[in-house]
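Chemist: using only what follows, build the 3D model:
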Amino acid sequence: MAIHPTAIIDPTARIATTAEIGPYCIIGAEVEIGERTRLMAHVYAEGPTRIGEDNLFYPYSTIGVASQDLKYRGERAETLIGHRNRIREFVTIHRGTEGGGRLTYIGDDNLIMAYSHIAHDVRIGNHCVLANGTTCGGHVTIGDWAVIGAFTGLHQFCRVGRHAIIGGYSVITQDVMPFSNTTTPREAKSYGANKVGLERRGFPPETIDALQKALRLLTRAQLNTSQAIERIRAEVPACAEIDELIAFIESSERGVIK
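Modeler: Numbers count the residues shown, from 1 in each chain. Just a heads-up that it's a prediction; the model follows:
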C-alpha cells in the first residue's frame, strides 16, 4: 500500500492495500480505511471510525474526533463514512454520543466542501452537497440529494428532507421540507419546489407540478399547516412524493419552515 514515510499509523488501524495515505497524515487506533480511498496530506483520523471505498480526503480534514457536546463523557461512539465521498479542506467530522445513538454517519457520493462541520450524531444520506462553511449542529439529519448553500447553519435536531435545496447564509432552526427550495434572507422561508434540481434528477413533470402545487398551498395560501395538508389531500394528485412530503411534515417535532 502507498503510505508516505511521514505518516503516523496506529498498529491497530486496518488499511486496505489499495488505499493511499499521504504526507503527515495521522491514523489512530481502530480506524478502518477501504479500498482506493486516498488521504492526500495532513489528514487526522481517530477511531472507532470506518471509511469505505474510493473516498478522497483533502488536506487538513479531521475525522472521528470527540464531540464538542459538553455532555460527552468519553463513551465509546463511532464514525461511519460510506463510499465515493469527497471531503474537502478543513472539514471536521465528530463521532457520535450516547445521547444520539453513538454514531455519526455519512452515506455515499457526497461532496462536503471546505470548512464544513459535521457535529456529533449527524446523519447525512447519499448524493448530498454541503457547500463551503456549512455547519451542522448535533443530531441533524440530511436526506438524499439535498443541497445546502454556503455558510448555512443548521440547528441541532433539525431535519432536511430529500431533494431539498437551501440557499446560502441561511439560518435553519426548523425542519426543511423535502423537495423544497428554502432560504433565509433574514427569516427562513420556503419558496416552493426545488424545480431545477428535481428536473435534473429525472422526476416526471406531473410529479414536479404536484409538488409545486402542494408547496404553494403550504407556503402561500395563508393556511395553517393542518388546513394546507387537508387541501393537498383533496386537490393534489396522489403520488409517492406527496405522501413523503405529508409524512415528513406530520412527523416533525420542531415544525417546518414555511
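
Chemist: stretch 225-236: how far from the chain's middle?
Modeler: 29 Å (C-alpha atoms, centre = their mean, to the nearest Å).

Chemist: which parts of the stretch 101-250 of the chain are strands?
Modeler: Taking DSSP state E, counting those that start in this stretch as the test, the strands found in the stretch 101-250 of the chain are 103-106, 111-112, 117-118, 123-124, 129-130, 135-136, 141-142, 147-148, 153-154, 159-160, 165-166, 171-172, 180-183, 189-193.

Chemist: can you put the ones you listed in CSV and add mean neighbour count and mean pLDDT?
Modeler: (Glycine included, C-beta is placed from N, CA and C.) Converted to CSV, those look like this (neighbours: other C-beta atoms under 10 Å; pLDDT from 0 to 100):
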stretch, mean neighbour count, mean pLDDT
strand 103-106, 23, 98
strand 111-112, 22, 98
strand 117-118, 24, 98
strand 123-124, 24, 98
strand 129-130, 22, 98
strand 135-136, 25, 98
strand 141-142, 24, 98
strand 147-148, 26, 98
strand 153-154, 22, 97
strand 159-160, 26, 98
strand 165-166, 26, 96
strand 171-172, 19, 94
strand 180-183, 24, 93
strand 189-193, 20, 80
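
Chemist: in JSON lines, list those strands along with distance to residue 20.
Modeler: As requested, the strands of the stretch 101-250 of the chain are exported to JSON lines (distance: least, C-beta to C-beta, whole Å):
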{"stretch": "strand 103-106", "distance to residue 20": "20"}
{"stretch": "strand 111-112", "distance to residue 20": "19"}
{"stretch": "strand 117-118", "distance to residue 20": "23"}
{"stretch": "strand 123-124", "distance to residue 20": "24"}
{"stretch": "strand 129-130", "distance to residue 20": "24"}
{"stretch": "strand 135-136", "distance to residue 20": "28"}
{"stretch": "strand 141-142", "distance to residue 20": "28"}
{"stretch": "strand 147-148", "distance to residue 20": "29"}
{"stretch": "strand 153-154", "distance to residue 20": "32"}
{"stretch": "strand 159-160", "distance to residue 20": "32"}
{"stretch": "strand 165-166", "distance to residue 20": "34"}
{"stretch": "strand 171-172", "distance to residue 20": "36"}
{"stretch": "strand 180-183", "distance to residue 20": "38"}
{"stretch": "strand 189-193", "distance to residue 20": "42"}
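
Chemist: for those, which one sits closest to residue 87?
Modeler: Residue 87 sits nearest to strand 111-112 of all those, at 5.1 Å, using C-beta to C-beta.

Chemist: who are the packing partners of that closest one?
Modeler: Strand 111-112 is packed against strand 86-87, strand 129-130, with contacts defined by 3 or more C-beta pairs under 8 Å, 6 or more residues apart in numbering; DSSP states H and E.

Chemist: any chance of those in TSV, plus distance to residue 106?
Modeler: Putting the helices and strands packed on strand 111-112 into TSV (distance: least, C-beta to C-beta, whole Å) gives the following:
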stretch	distance to residue 106
strand 86-87	8
strand 129-130	10
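
Chemist: nearest to residue 222, of those?
Modeler: strand 129-130 (33.0 Å).

Chemist: tell me which residues are up against the closest one.
Modeler: Contact with strand 129-130 is made by 110, 111, 112, 113, 116, 124, 136, 142, 146, 147, 148, as judged by C-beta atoms under 8 Å, 6 or more residues apart in numbering.

Chemist: okay, now the sheet partners of it, with direction.
Modeler: strand 111-112 (parallel), strand 147-148 (parallel) (DSSP bridges).

Chemist: need those strands in CSV with distance to residue 62, can you?
Modeler: CSV is the format used below for these (distance: least, C-beta to C-beta, whole Å):
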stretch, distance to residue 62
strand 111-112, 12
strand 147-148, 19
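
Chemist: among those, which is nearest residue 233?
Modeler: The nearest among the strands paired with strand 129-130, by C-beta to C-beta, is strand 147-148 at 28.4 Å.
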